[in-house]
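**Q** 3D, please:
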Amino acid sequence: MTAPTERDNGAAPVSEGVRLQKVLANAGVASRRVIEQYIVEGRIRVNGVTVTELGSRIDPEHDKVDVDGTAVQLDATKRYVMLNKPTGVVSSMKDERGRPDLRRYTKDWPERLYNVGRLDAETSGLLVLTNDGELAHVLAHPSFGVTKVYIAKVEGRVTPQTIARLTRGIELEDGPIAADRARLLDTSSASRSRGAEKGGSSLVELTLHSGRNRIVRRMMAAVGHPVTELVRRQFGPLHLGTLPVGQARELSRIELGALLTLARQDASAEDRSDSDQQG
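**A** Predicted coordinates:
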């Protein structure tokens, strides 16, 4: 275990605990020899402090380590899974009404996994499942505003003016909202031939950091284009890619590093905000 005084003042622990290169090698970052070179080159930080001493030791249960600015998970018991949730499935591990839930997609992992945030039953796409409660809290909490990208098929022909309105901001019953980004991907041939906003359909990509309930559906309805199909393609740094609907896979080391880095940045920002308010 690292000395409390060293962690309290933010310094990298050096005298107790487990050697840093051993911990990172066990975490699959690289071989001990390569990690030693990383240490010498100043590419590794412990609790935000750059480590350059080869004898540095850490407490894997408490210390936060990053390599080249990317967070490393030292706890091998933590599991992180990406699911392409189908429509008709509720974002719950057990639905009281007996509807299809997420349990069928977690049976391949021995850990008890939980969903990070929610997608409504009729929305498909990227959902993160994990047993890392701390990360789940940070990424799902509305105050952290993790960016999400959605593709919405909507009724009618969406115009550039409507796209501009979505990014400029609209008023909903629970307050104003604006998309971070919005773009028109396509309009159906039926709507183009009619030359009118009524009839046909359009594909719209919306980027939002809001965590408000059914926000995409409510935004599109407010501008006169109800959603008929909705897919979440991106959650923070994670992209759905070619993962088939109804399939799940573990995050790659690169994906996990990006997700952990985002979560730690958001958690640190909250800690700084709390400290400023107390001060």
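**Q** quick check: closest non-adjacent residue to Asn25.
**A** Not Asn; residue 25 is Ala. Arg32 (4.7 Å; CB to CB, 6 or more residues apart in numbering). Where C-beta positions appear, they are placed from N, C-alpha and C, glycine not excepted.
**Q** for the one you found, give me phi and psi.
**A** With angles defined as degrees, to the nearest 10, Arg32 sits at phi -60, psi -40.
**Q** gap between it and Arg253?
**A** Note on Arg32: its distance to Arg253, by CB to CB, to the nearest Å, is 17 Å.
**Q** and if you look at Pro60?
**A** From Pro60 to Arg253 the distance is 17 Å (CB to CB).
**Q** and those two? which has more neighbours close in?
**A** Taking neighbours as other CB atoms under 10 Å, Pro60 and Arg253 compare with Pro60 leading, 18 against 14.
**Q** give me the pLDDT value at that one.
**A** On pLDDT, Pro60 comes in at 93.
**Q** likewise Asp276?
**A** Confidence score, pLDDT, at Asp276: 46.
**Q** swap in His137?
**A** For His137, the pLDDT comes out at 89.
**Q** am I right that it sits in a helix?
**A** Yes - checked against DSSP: H, G, I helix; E, B strand; the rest coil, His137 lies within a helix.
**Q** how about stretch 112-120: buried residues?
**A** For stretch 112-120, burial by neighbour count (16 or more other CB atoms under 10 Å) applies to Leu113, Tyr114, Asn115, Val116, Gly117, Leu119.
**Q** which of those sits closest to Ala178?
**A** Ala178 lies nearest to Gly117 out of these, by CB to CB, at 20.3 Å.
**Q** hmm, Gly211 and that closest one touching each other?
**A** Yes - contact criterion CB atoms under 8 Å: Gly117 and Gly211 qualify, at 7.1 Å.
**Q** shared neighbours of these two, anything?
**A** Contact criterion CB atoms under 8 Å, 6 or more residues apart in numbering; residues shared by Gly117 and Gly211: Ala140.
**Q** before we move on, back to that, verify the contact between the residue nearest to Ala25 and Gln21 for me.
**A** Yes - Arg32 is in contact with Gln21 according to CB under 8 Å; the separation is 4.5 Å.
**Q** and the two? Which one has more around it.
**A** Applying other CB under 10 Å to Arg32 and Gln21 shows that Gln21 carries more neighbours, namely 24 against 15.
**Q** surely that one is in a strand?
**A** No - judged by three-state DSSP, Gln21 forms no part of a strand; its state is helix.
**Q** name the SS class of Thr207, please.
**A** strand.
**Q** what's near enough to touch Ala127?
**A** Quick fix: residue 127 reads Leu, not Ala. Shown in contact with Leu127 (CB under 8 Å, 6+ apart): Met82, Leu83, Asn84, Lys85, Ser91, Leu102, Asn115, Val116, Gly117, Leu119, Arg232, Phe235.
**Q** low-scoring stretches of this structure, by residue?
**A** The model of the chain has pLDDT under 70 over residues 1-15, 189-198, 267-279.
**Q** can you rerun that using 90?
**A** 1-17, 55, 76, 94-98, 108, 137-145, 186-200, 210-213, 264-279 (pLDDT under 90).
**Q** hey, where'd the helices end up in it?
**A** Counting by DSSP state H, the chain has helices at residues 4-8, 20-26, 32-40, 133-140, 160-168, 189-194, 215-222, 253-278.
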